[in-house]
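Peer 1: Mind looking at a prediction? Sequence and model below.
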Amino acid sequence: MRITVTVDGTTYSDEVEPRTLLVQYLRERLGKVGTVVGCDTSNCGACTVHLDGHSVKSCSVLAVQADGCEVTTIEGLARDGQLHPVQRAFHDNHALQCGFCTPGMIMQAIDLLAEDSDPEEQAVREGIEGNLCRCTGYQNIVRAVRDAAHEMRPGAGPEAERVSEATMGTQAGVHRS
Ligand code: FES
Ligand code: FES
């Protein structure tokens, strides 16, 4: 089947098998290896991306289901050499150790903050409960998400205005294969 999907601001048109998972398409066809596979059973959240602005576990979505949609991966967040505020907050708060969970955790955190711009600690913990981290104990992850919320708050400066832009790609060309 042929699908057309915009990923991190670039539009691709590709033939895929109906059984191809979105995460397989992203990694193996497009080379978006920043999106990782931790379990393949919809448990760990490491594969989380945004599909039309909402987080999904890309191991539980078929590539054909993304036809006509806009996908944002961890690789599409930074703009003009500047990390997304959530990426920077993870860095500044040492919210990772091995880093395997981090791409999915950040994508989930951005979706969480789109729903609740100033979440309490418990709300952060509930918002990321579908994303597993085997290293950090979550404390610094929660701190990072709350720090990012403060930085992204309206009126917090130019970074605040990058929030929605960072999850919205722009079409910059069509790739066919
Ligand atoms: S690889 Fe998708 S949830 Fe674990
Ligand atoms: S930092 Fe290692 S799994 Fe989260």
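Peer 2: In hand now; what should we look at? Ligands and ions are numbered 1, 2, ... in the order given.

Peer 1: what about Thr6, how many residues close to it?
Peer 2: Applying other CB atoms under 10 Å, we find 22 residues neighbouring Thr6. Using the backbone N, CA and C atoms, a C-beta is placed for each residue, glycine as well.

Peer 1: Surely it forms part of a strand?
Peer 2: Yes. Looking at Thr6 with DSSP: H, G, I helix; E, B strand; the rest coil, it is inside a strand.

Peer 1: who's it bridged to?
Peer 2: Judged by DSSP bridges, the bridge partners of Thr6 are Thr11, Glu70.

Peer 1: pretty sure it is touching Val71, no?
Peer 2: Yes. Look at Thr6 against Val71 with CB atoms under 8 Å: they come within range, at 6.9 Å.

Peer 1: Find me whatever residue is spatially closest to the spatially most central residue of the chain, sequence neighbours aside.
Peer 2: Residue closest to the mean C-alpha point of the chain, counted by CA atoms, centre = their mean, is Met107 at 2.8 Å. The shortest distance from Met107 to any non-neighbouring residue, by CB to CB, 6 or more residues apart in numbering, is to Thr48 (4.4 Å).

Peer 1: what residues are up against the one you found?
Peer 2: Taking CB atoms under 8 Å, 6 or more residues apart in numbering as the criterion, Thr48 is in contact with Thr35, Ser55, Val56, Lys57, Ser58, Pro103, Gly104, Met105, Met107, Gln108, Asn131.

Peer 1: on that earlier part again, helices and strands around the host helix or strand of the residue nearest to the centre of the chain, which ones?
Peer 2: Counting by DSSP states H and E, the element that carries Met107 is helix 102-115. Here helix 102-115 is seen to pack against strand 48-51, strand 54-57, helix 85-92, helix 121-127, helix 139-152, helix 158-167 when contacts are counted using 3 or more CB pairs under 8 Å, 6 or more residues apart in numbering; DSSP states H and E.

Peer 1: And the second one, what's buried?
Peer 2: It refers to strand 54-57. Of all the residues in strand 54-57, those buried under the rule 16 or more other CB atoms under 10 Å are Ser55, Val56, Lys57.

Peer 1: got CSV for those, with pLDDT too?
Peer 2: Converted to CSV, the buried residues of strand 54-57 look like this (pLDDT from 0 to 100):
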residue, pLDDT
Ser55, 98
Val56, 98
Lys57, 98
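
Peer 1: Make a markdown table out of these and add distance to Gln97.
Peer 2: As requested, those are exported to a markdown table (distance: CB to CB, whole Å):
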| residue | distance to Gln97 |
| --- | --- |
| Ser55 | 22 |
| Val56 | 25 |
| Lys57 | 22 |
